[in-house]
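Asks: Predicted model follows, preceded by the sequence.
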Protein chains: 2
Amino acid sequence: MPTSTAPFPFTARLARVRARLAEAGADTFVVTELNNIRYLTGFTGSAGILVVTAADSRLLIDGRYDEVVREGQRSGAIAPMDVIRVRKYDPTLIETIAGGGGRRLAFEGDHTTVAQYGRWVHGLPGVTFTPVYDWVESGRIIKDDGELALLRRGGRLLSGVAEALGQWVAIGRSEREVAGDIDAAMRRAGFEKPAFDTIVATGSNSAYPHARPTDKTIRNGDLVLLDFGGVLEGYCVDLTRMAGAGRVGADGQSLYRAVRQAQDAAIAAVQPGSLTTGVDQAARQVLEQQQLGSAFVHGTGHGLGLDVHEAPRVGPGDPSEAVRLEPGMVVTIEPGAYVVGLGGVRLEDDVLVTVEGREVLTTAPKDLLIV
Amino acid sequence: MPTSTAPFPFTARLARVRARLAEAGADTFVVTELNNIRYLTGFTGSAGILVVTAADSRLLIDGRYDEVVREGQRSGAIAPMDVIRVRKYDPTLIETIAGGGGRRLAFEGDHTTVAQYGRWVHGLPGVTFTPVYDWVESGRIIKDDGELALLRRGGRLLSGVAEALGQWVAIGRSEREVAGDIDAAMRRAGFEKPAFDTIVATGSNSAYPHARPTDKTIRNGDLVLLDFGGVLEGYCVDLTRMAGAGRVGADGQSLYRAVRQAQDAAIAAVQPGSLTTGVDQAARQVLEQQQLGSAFVHGTGHGLGLDVHEAPRVGPGDPSEAVRLEPGMVVTIEPGAYVVGLGGVRLEDDVLVTVEGREVLTTAPKDLLIV
């Protein structure tokens, strides 16, 4: 697959961050969020700090990652940059900054703890520290071609898994068994791992939006909520479908139809220029009109990328804090309605904002799957 | 299993935190670390804030968790406390503190971001803020009976999976296939999910301590490193075993023997009163004597519990910063040696510190598994 081995544009990404550095009048940017580091450099370890200046970038890693980074830099999977081996992160960071002559330091306010910040301030007298926000995330929100190729492929593969749900969802089988089948199928499809703990919730359990699979078995009349996602070369896709076991009552069917209609309305509202609050409102209005407003206890969706929940949030709120959709953004659209006693319904697809409007990346059928 | 449904001693845990509050002269403790919240209350959601005062505790959650908390409180799985429903966390937290009259606030310095802290300070003029450390973790480091029952059971179940490795590890099979088999077996064994991304690394890949499974197939002569763990009712266990495909060369065999000897030495050093640095040194010395000191690129182990990496760290360093082992602590012992070109070896077991010395919770055989 040429798309997945194409080098990611680390140079362009770092250049955007350097532009921010210049605008802010800072000389050094310390990146602590691991997916931000991955986005800027290709490094995928579970610990590390990236230091970016106008002139260079330096990756601080511990001994576990020496070889993998050397190899990644040889193959082009990891950006060329200096690599500094640490034993403890903060002391080595302090030495690196002090040795590099940085005096005006910008750091990720959303991803730096009060404790870390305190150690840095203590260890670097005379340096000014400015918390900054979204310097990397503002780039990540618009996917580039390599990222879109992965998300499209992820959407297709996940849809393939969804199309096979009828093989596993059956009366008498437990939530846990079905979740295991879905996870195994995602791996066979080529995902490196689930993007989050797979949700299979049957009957009354489906009324809990974040239910965990239990040993409860699917019984005649149950609504079954199936929410799962996979990670493909770091990029997350996410999908929810509904099944109905045997004879689903009229109340359950009408709950399904209301959510389906809400989801259709929200997907139709996805286009360049729409506000995220407007997309949320499109779904919410449908459910409110059917007296299900209070049953819709979460937002309509979230951005997808290296994180399974990233910007933009698609939820209710003040339009002045909303994000205006642009081509290249990818969001989930997943309204739901949860009624204790009856059960819950959620439908979720991944939608790319395009110049023309939208492209739904998850194309599996979404009629209530009768099993 | 009576052990797993026995109520966890939330009252005692909260009392320990309240004692800290009194000692520190603070009136309110804000807990933001989710496993710390789980430990104190039983709440297992993916978002939430806990506010503890001398008189009460209040859990802030969003709408997704309303019902699950109500149900958990009915069944006793979640501690009795006030539940406050939020739409946005920080504004509701600020209202809660302001309304509750707290003036001297302690918060988790290791788990609060600079951004959050800034919002709180801005929203609560007149309130003093003190970052505090390990108020909850210092309790978590010593496991109570309910936790030990889960960790013992987890160790047994994980050992059962390890004993079956010979069914999956075979020449011609890929790292990814074997990892899938291990994950499926962990689920069948009763684990709710893997504790981390399963590592299967064959041949030259085994020289990377944190390798990810690829499509590389196992070939005659390969060392195969298998590192996996499971989560049982929130508690993590973790194990590494080695296989050898066909004819493993003398170099590989001697690498295996060196690591085995290092692991034996470190396990023998686990007992009440030992320093974590001493346990690390026991393993490191063995490898240094065999000229493998620089090949041992990580620490000897880490604590296990609700987090797969938690206190105490078992690594090298200044003894004055080390932890003195006490009965009830559970740590991994996992020395390794990694030689580019040849491959790597790691062996890992989970060890409980007991009054008499130690109890190894993972009892699967650890001879090089020849496949």
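Replies: Done, it's in.
Asks: Below-threshold pLDDT in chain A: ranges please.
Replies: Low-confidence segments of chain A (pLDDT under 70): A:1-8.
Asks: Please list the residues of the stretch 151-300 of chain A that sit near chain B.
Replies: Contact residues (Cβ under 8 Å from any Cβ of the partner chain) of the stretch 151-300 of chain A with chain B: A:176, A:180, A:183-184, A:187-188, A:192-193, A:197, A:207-213, A:297-298. Quick note: C-beta positions are derived from backbone N, CA and C, even for glycine.
Asks: A:Ala170 sits in which helix or strand?
Replies: Assigned by DSSP states H and E, A:Ala170 falls within no helix or strand.
Asks: quick one: the nearest residue to it once chain neighbours are set aside from A:Phe196, how far?
Replies: In space, and not counting its chain neighbours, A:Ala170 is closest to A:Val371: 5.5 Å by Cβ to Cβ, 6 or more residues apart in numbering or on different chains. Going from A:Val371 to A:Phe196 by Cβ to Cβ, to the nearest Å gives 24 Å.
Asks: what sits against the residue nearest to the spatial centre of chain A?
Replies: Nearest to the geometric centre of chain A sits A:Val308, at 1.9 Å (Cα atoms, centre = their mean). The contact partners of A:Val308, taken as Cβ atoms under 8 Å, 6 or more residues apart in numbering or on different chains, are A:Ala195, A:Phe196, A:Gly229, A:Val231, A:Cys236, A:Asp238, A:His302.
Asks: let's see it at 6 Å
Replies: By Cβ atoms under 6 Å, 6 or more residues apart in numbering or on different chains, A:Val308 lies in contact with A:Ala195, A:Phe196, A:Cys236.
Asks: Please tell me how far the closest residue to the second one other than its chain neighbours sits from chain B.
Replies: Closest residue to A:Phe196 apart from its sequence neighbours, by Cβ to Cβ, 6+ apart: A:Val308 at 5.5 Å. Separation of A:Val308 from chain B (Cβ to the nearest Cβ, to the nearest Å) stands at 11 Å.
Asks: mind listing the strands in the stretch 51-200 of chain A by residue range?
Replies: Counting by DSSP state E, counting those that start in this stretch, the stretch 51-200 of chain A has strands at residues A:57-62, A:82-86, A:104-108, A:128-132, A:193-194, A:199-202.
Asks: Please identify the most buried of these.
Replies: With neighbours taken as mean count of other Cβ atoms under 10 Å in any protein chain shown, the strands of the stretch 51-200 of chain A reach their highest mean count in strand A:199-202, at a mean of 27.
Asks: Which neighbours in the sheet does that one have, and how are they oriented?
Replies: strand A:223-232 (antiparallel) (DSSP bridges).
Asks: can you pull out the helices in the stretch 151-300 of chain A?
Replies: Secondary structure of the stretch 151-300 of chain A (DSSP state H, counting those that start in this stretch): helices at A:175-189, A:250-269, A:276-289.
Asks: Now the residue in the stretch 251-371 of chain A positioned nearest to chain B: closest residue in space, sequence neighbours ignored.
Replies: As assessed by Cβ to the nearest Cβ, chain B sits closest to A:Val297 within the stretch 251-371 of chain A, at 3.4 Å. Using Cβ to Cβ, 6+ apart and skipping the chain neighbours, the partner closest in space to A:Val297 is B:Gly63 (3.4 Å).
Asks: Can you report how many residues neighbour the one you found?
Replies: 17 (other Cβ atoms under 10 Å in any protein chain shown).
Asks: What separation is there between A:Gly229 and chain B?
Replies: In terms of Cβ to the nearest Cβ, A:Gly229 sits 14 Å off from chain B.
Asks: for A:Thr130, same thing?
Replies: Per Cβ to the nearest Cβ, A:Thr130 is found 10 Å from chain B.
Asks: go on, A:Ser174?
Replies: Computed as Cβ to the nearest Cβ, the A:Ser174 to chain B distance reads 12 Å.
Asks: Help me confirm that that residue comes into contact with A:Asp215.
Replies: Yes - A:Ser174 lies in contact with A:Asp215 (Cβ atoms under 6 Å); the separation is 5.0 Å.
Asks: of those two, who's got more company?
Replies: A:Ser174 (16 against 9).
Asks: and that one, what are its bridge partners?
Replies: Bridge pairing for A:Ser174 - DSSP bridges - gives A:Thr217.
Asks: Would you quantify the distance from it to A:Ile94?
Replies: Using Cβ to Cβ, A:Ser174 is found at 52 Å from A:Ile94.
Asks: Check A:Ala79 too.
Replies: The value you get for A:Ala79 to A:Ile94, if Cβ to Cβ is used, is 24 Å.
Asks: Please identify which of those two sits among more neighbours.
Replies: The residue with more neighbours, out of A:Ala79 and A:Ile94, is A:Ala79; 21 against 16, by other Cβ under 10 Å.
Asks: burial of the closest residue to that one other than its chain neighbours, as a residue count?
Replies: Once flanking residues are discounted, A:Ala79 sits nearest to A:Phe10: 3.8 Å by Cβ to Cβ, 6+ apart. Neighbours of A:Phe10 under the rule other Cβ under 10 Å: 19.
Asks: For A:Gly343, name its beta-bridge partners.
Replies: For A:Gly343, the beta-bridge partners under DSSP bridges are A:Val339.
Asks: Just tell me which of the strands of the stretch 51-200 of chain A ends up closest to B:Arg18.
Replies: Closest to B:Arg18 of those is strand A:128-132 (Cβ to Cβ; 32.2 Å).
Asks: and the closest one with strand A:104-108, angle?
Replies: Angle of strand A:128-132 versus strand A:104-108, following axes from the mean of the first three to the mean of the last three Cα atoms, to 10 degrees, is 30 degrees.
Asks: Strand A:128-132 pairs with which strands?
Replies: strand A:104-108 (parallel).
Asks: just the contacts of A:Val308 now: which is nearest chain B?
Replies: For these, the closest approach to chain B (Cβ to the nearest Cβ) belongs to A:Phe196, at 8.6 Å.
Asks: how near is that closest one to A:Phe228?
Replies: As judged by Cβ to Cβ, A:Phe196 and A:Phe228 stand 8 Å apart.
Asks: Name the residues of stretch A:289-307 that are buried.
Replies: The neighbour-count check on stretch A:289-307 (16 or more other Cβ atoms under 10 Å in any protein chain shown) flags A:290, A:292, A:295-307 as buried.
Asks: so where does the residue nearest to A:Phe196 fall, helix or strand?
Replies: Using DSSP H and E, A:Val308 is not contained in any helix or strand.
Asks: do the one 4 residues further on as well
Replies: According to DSSP H and E, A:Pro312 maps onto strand A:310-314.
Asks: Check A:Ala337 too.
Replies: Per DSSP H and E: A:Ala337 is located in strand A:336-339.
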